[in-house]
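Provide a 3D model corresponding to the input given below.
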Amino acid sequence: MSSIHIQTSKGETMEVTIATMFNMLADETSCSQVIGELNRRGILDVMLKDGPAKLIRPGFPPTGRNHPGPPQTGLGLGEYVADTILSFSVPARFYLRANTPDEVRHRVMDFVYGRTRPPPDFNIELDGDGADEFFSGLRKGDYSTVREVQVLQVAQRASYPLQLTHGA
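Predicted coordinates:
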């Protein structure tokens, strides 16, 4: 990925290098997160210094998902179990001391990604309403908060022959 397409909210489309795109981001501390999400999803809404925009990774599937889709076979369906890791997005608030807003951004990212240990004054609060909506949505089958799916292992379920018993 040497270039990225940017669609601005004004309808303009431009092709830029990754370095140029990083300099255009409103929050320059989010570069690694933005490139990671773009690699996973192919299309990403971001905030640039000039306003909202959509980043598009050229040559990526147009759906914005990075899965190959179901295989096309003429075989009957089998039963499988897939062990996965689902990554979700849940609103949170961080409390900490810092000298500037930029320092806060850097420290939060450092703490979350384990690059530094949080100081004693550091506290994380999950948004109660957001967490309730999150779990309620999952119970209703709304997986829109899923940001990434990693399939760790797939195994075919053992099939057991149907046993008929004659009752009393």
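
what's next to stretch 21-33, contact-wise?
4, 6, 16, 34, 46-50, 55, 102, 105-106, 109 (C-beta atoms under 8 Å, 6 or more residues apart in numbering). Just so you know, the C-beta spots here come from the backbone N, C-alpha and C atoms, and that holds for glycine as well.

So which residue is dead centre in the protein?
Closest to where the C-alpha atoms of the chain average out (C-alpha atoms, centre = their mean) is residue 147, at 2.7 Å.

Regarding that one, which helix or strand does it belong to?
Using DSSP states H and E, the element containing residue 147 is strand 146-156.

which helices and strands does that strand pack with?
Here strand 146-156 touches strand 80-88, going by 3 or more C-beta pairs under 8 Å, 6 or more residues apart in numbering; DSSP states H and E.

Could you check the angle the strand it packs on makes with strand 146-156?
Strand 80-88 runs at 160 degrees relative to strand 146-156, counting by axes from the mean of the first three to the mean of the last three C-alpha atoms, to 10 degrees.

Hmm, residue 87 is touching residue 147, no?
Yes. Contact criterion C-beta atoms under 8 Å: residue 87 and residue 147 qualify, at 4.9 Å.

Pull the helix or strand of the chain with the lowest mean pLDDT out as CSV, backbone CA atoms only.
Counting by mean pLDDT, DSSP states H and E, the chain has its least confident helix or strand at helix 31-41, which shows a mean of 75. C-alpha atoms of helix 31-41 as CSV (Å, rounded to 0.1, in the frame of the first residue of the first chain):
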residue,chain,number,x,y,z
CYS,A,31,-1.5,7.3,12.6
SER,A,32,-0.8,3.7,13.6
GLN,A,33,-4.5,3.1,14.5
VAL,A,34,-5.7,4.6,11.2
ILE,A,35,-3.3,2.5,9.1
GLY,A,36,-4.2,-0.6,11.0
GLU,A,37,-7.9,-0.1,10.5
LEU,A,38,-7.4,0.8,6.9
ASN,A,39,-5.4,-2.5,6.4
ARG,A,40,-8.2,-4.5,8.0
ARG,A,41,-11.3,-2.8,6.5
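
Can you show me the helices along this protein?
Here the chain has its helices, by DSSP state H, at 18-24, 31-41, 101-112, 128-139.

Minimum distance to residue 82: which of these has it?
helix 128-139 (17.2 Å; C-beta to C-beta).

Give me the angle between the closest one and strand 146-156.
30 degrees.

And the contacts of helix 128-139?
Residues lying outside helix 128-139 but in contact with it, judged by C-beta under 8 Å, 6+ apart, are 88, 90, 91, 143, 144, 145.
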